[in-house]
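Chemist: Below is the sequence, then the predicted model.
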Amino acid sequence: MKILILGGTVFLGRHLTEAFLSRGHEVTHYNRGLSNTQLFPEVEKLRGDRNLNLLPLRGRSWDAVVDTCGYFPRQAVATAEALHPHTPLYAFISSVNQYADLRVSGVGEDYPSASASFQAKQSDPPLTPETYGPLKAACEEAVQKVYGDRALIVRPGCLVGPYDQAHRFTYWVRRAAAGGAMLVPGSPDQVWQIIDVRDAAEWIVRMLEEEHAGIFNVVGPEQPISAGQLVQQLTSSAGSDARPIWVDAEFLRTSSAGKRWLDLAEWSDLSPSMAHLYSIDNTRAVATGLCFRPLAVTTQDVLAWLELRGPRGADALDPERENDLLRAGTRYTMTVPS
């Protein structure tokens with residue numbers, strides 16, 4: 001197959017490129033050339049800003065496109081219209097954040113999407129945590145208006161793995177490996193879903209190879225797992241003596257230092273409307289072949305990558321501040337039953 005990836009060099013796009021190439025497909029990237037430009041010398045690289053210029057895409061033909069970086073409906077509709085005459089399949093990477101209300105667990109693909117007044121021809125609103133979900137919903141709608149039943153809408157949850165640019169998982173891998181008393185916000189009973197980005201990428205490749213379309217929640221693991229179980233597995237995978245100390249989120253919320261740990265453990269301090277962000281139903285994707293590698297494999301691969309990369313920004317450890325919080329918050333702590 002001839003595949004166009006919008007993006008292609010950062011995290012999911014990078015793993016998608018590797019997955020397509022490993023299966024013998026011909027890949028083209030369209031991006032601004034700002035990140036990891038040395039990667040994939042065998043890939044055709046088209047340079048441009050999709051907000052300003054889609055001319056490099058017009059008149060070209062591919063078997064499918066994967067849009068990894070569509071955030072605004074104006075972008076989505078313009079790109080879809082430019083590609084539709086010569087590219088029969090459009091895979092749009094959306095998000096489970098696009099659901100209207102996550103006050104209930106087990107939300108499936110037919111649950112209502114967030115609605116907003118964003119129009120494809122209007123100027124872009126600011127991209128914020130509040131607008132992100134509704135904007136993704138609007139992008140989905142824009143792509144489907146052009147591609148109809150030839151659109152593959154992918155709604156990932158928390159993607160983790162090597163080259164992760166976020167810190168929701170990388171910090172905990174590094175911290176679990178370091179051992180000792182480990183501050184973990186919230187309750188060990190809170191559900192926390194993660195999926196290895198490589199599992200998501202390989203599933204997307206297979207879906208396009210088989211010309212599947214539709215809407216799918218791409219979340220893992222196959223069955224929901226608690227934050228306590230995940231933290232224990234991270235510790236076991238790292239072979240460390242880390243001992244999780246669960247600290248009440250309300251206490252951390254009142255501390256300027258504690259807010260960092262709430263950000264690192266996003267699952268622990270969700271708003272009521274997002275309370276079940278990490279208990280999304282994945283039955284439909286699993287039925288089409290989505291599968292999951294063991295968490296130990298993901299953990300070990302991320303740890304190896306982090307050791308090569310070195311500590312950076314939000315996932316760097318801060319033992320002194322962590323110990324201060326543990327001492328101050330002792331009366332709020334909870335331990336996981338053995």
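Modeler: On my side now, so go ahead. Just so it is clear, the model here is predicted, and its values are computed rather than measured.
Chemist: Tell me, how many residues neighbour residue 55?
Modeler: For residue 55, the count of nearby residues is 10 (other C-beta atoms under 10 Å). Glycine gets a C-beta too; all of them are placed from N, C-alpha and C.
Chemist: The stretch 1-150 of the chain: strands as residue ranges?
Modeler: 2-6, 26-31, 44-47, 64-67, 89-93 (DSSP state E, counting those that start in this stretch).
Chemist: any idea which of those strands is most buried?
Modeler: Neighbour counts (mean count of other C-beta atoms under 10 Å) averaged over each of the strands of the stretch 1-150 of the chain peak at strand 64-67, with a mean of 26.
Chemist: Tell me the strands beside it, with direction?
Modeler: strand 2-6 (parallel), strand 89-93 (parallel) (DSSP bridges).
Chemist: Could you check the ones you listed and tell me which one is nearest residue 109?
Modeler: Taking C-beta to C-beta, strand 89-93 is the member of those nearest to residue 109, at 13.8 Å.
Chemist: which residues sit against that closest one?
Modeler: If you take C-beta atoms under 8 Å, 6 or more residues apart in numbering as the criterion, strand 89-93 is touched by 12, 63-70, 76, 80, 83-84, 139-140, 143, 146-147, 150-154, 156, 204, 207-208, 211, 213.
Chemist: Buried ones among those?
Modeler: 12, 63-70, 76, 80, 83-84, 139-140, 143, 146-147, 150-154, 156, 204, 207-208, 213 (16 or more other C-beta atoms under 10 Å).
Chemist: Among those, which lie within helices?
Modeler: Among the buried ones among the contacts of strand 89-93, the ones falling in helices (DSSP state H) are 12, 76, 80, 83, 139-140, 143, 146-147, 204, 207-208.
Chemist: With respect to residue 111, which of those residues is nearest?
Modeler: residue 140 (13.1 Å).
Chemist: need the contact list for that closest one.
Modeler: 76, 92, 94, 98, 113, 153, 215.
Chemist: same question, residue 128
Modeler: If you count contacts by C-beta under 8 Å, 6+ apart, residue 128 has none.
Chemist: Got phi/psi on the closest residue to residue 265 other than its chain neighbours?
Modeler: The shortest distance from residue 265 to any residue other than its chain neighbours is 4.3 Å, reached at residue 185 (C-beta to C-beta, 6 or more residues apart in numbering). Main-chain torsions, residue 185, degrees, to the nearest 10: phi -70, psi 150.
Chemist: For residue 143, see how far away residue 185 is.
Modeler: Look at residue 185 and residue 143: by C-beta to C-beta, to the nearest Å, they are 36 Å apart.
Chemist: Kindly provide the distance from the residue nearest the centre of the chain to residue 91.
Modeler: By C-alpha atoms, centre = their mean, the mean C-alpha position of the chain lies nearest to residue 159, the distance being 3.5 Å. Distance, residue 159 to residue 91, by C-beta to C-beta: 15 Å.
Chemist: got it, and residue 321?
Modeler: Residue 321 is 42 Å from residue 91, by C-beta to C-beta.
Chemist: go on, residue 200?
Modeler: Distance of residue 200 to residue 91, given as C-beta to C-beta: 11 Å.
Chemist: what residues are shared contacts of these two?
Modeler: Joint contacts of residue 200 and residue 91 (C-beta under 8 Å, 6+ apart) are residue 154.
Chemist: could you measure residue 95 against residue 321, distance?
Modeler: 31 Å.
Chemist: Which one of the two is surrounded by more residues?
Modeler: Each of residue 95 and residue 321 has its neighbours counted (other C-beta under 10 Å); residue 95 has more, 20 against 15.
Chemist: Make sure the more buried one is actually in contact with residue 137.
Modeler: No: taking contacts as C-beta atoms under 8 Å, residue 95 lies outside contact range of residue 137: 9.1 Å.
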